[in-house]
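Engineer: Just the structure for this:
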Amino acid sequence: NLSVTSRALKILSEEGADIIELGIPYSDPLADGPVIQAASSRALENNITLDEILQMVSEVTQEINTPLVAFTYYNLLINSGINNFVKKIKQAGFFFF
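Structural biologist: Numbering: from 1, shown residues only. Okay, the predicted model is just below:
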């Protein structure tokens, strides 16, 4: 639920988080533990898309000061094209080192 995620990001920032990692769901998160697998499955079952996540991030990053980093899978970068993917998430407001 992106509205709950948005609120959680704001709360984490308000409470002083130094950095926040936001997972971008992938259909086959086998390398991750059961919690991340379940979260990815729930997001995909609710038809959450990358574009919707990026839209939410672009709105939230206007309201928080905490750097937001993306946790995702290389397959998503390859499917989108690495340069295109990086450009899109940077424009949305994800932090890059």
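Engineer: Please report how far the residue nearest to Leu54 when sequence neighbours are not counted lies from Gly16.
Structural biologist: In space, and not counting its chain neighbours, Leu54 is closest to Ala92: 4.0 Å by C-beta to C-beta, 6 or more residues apart in numbering. Any C-beta I mention is one placed from the backbone N, CA and C, and that applies to glycine too. Per C-beta to C-beta, to the nearest Å, Ala92 is found 23 Å from Gly16.
Engineer: And for Ile24?
Structural biologist: Counting by C-beta to C-beta, the gap from Ile24 to Gly16 is 24 Å.
Engineer: Run a quick check on Phe96 versus Ala70, I expect a contact.
Structural biologist: No: between Phe96 and Ala70 there is no contact under C-beta atoms under 8 Å: 9.4 Å.
Engineer: the more surrounded of these two?
Structural biologist: Ala70 (21 against 9; other C-beta atoms under 10 Å).
Engineer: residue ranges for the strands of this structure, please.
Structural biologist: Per DSSP state E, the chain carries strands over the ranges 20-23, 68-71.
Engineer: what bridges to Leu22?
Structural biologist: Ala70 (DSSP bridges).
Engineer: Count the neighbours of it for me.
Structural biologist: 18.
Engineer: For it, give its distance to Pro67.
Structural biologist: Leu22 sits 11 Å away from Pro67, going by C-beta to C-beta.
Engineer: Could you do Lys90 as well?
Structural biologist: Separation of Lys90 from Pro67 (C-beta to C-beta): 12 Å.
Engineer: can you map out the helices along this structure?
Structural biologist: All helices of the chain, identified by DSSP state H, fall at 2-14, 34-45, 50-60, 74-80, 82-92.
Engineer: Restricting to C-alpha, output the fourth one in CSV.
Structural biologist: This file holds the C-alpha atoms of helix 74-80, laid out as CSV (Å, rounded to 0.1, in the frame of the first residue of the first chain):
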residue,chain,number,x,y,z
TYR,A,74,19.6,-6.1,-11.3
ASN,A,75,17.0,-7.7,-13.5
LEU,A,76,14.9,-4.5,-13.2
LEU,A,77,17.8,-2.4,-14.3
ILE,A,78,18.5,-4.7,-17.3
ASN,A,79,14.8,-4.7,-18.4
SER,A,80,14.6,-0.9,-18.2
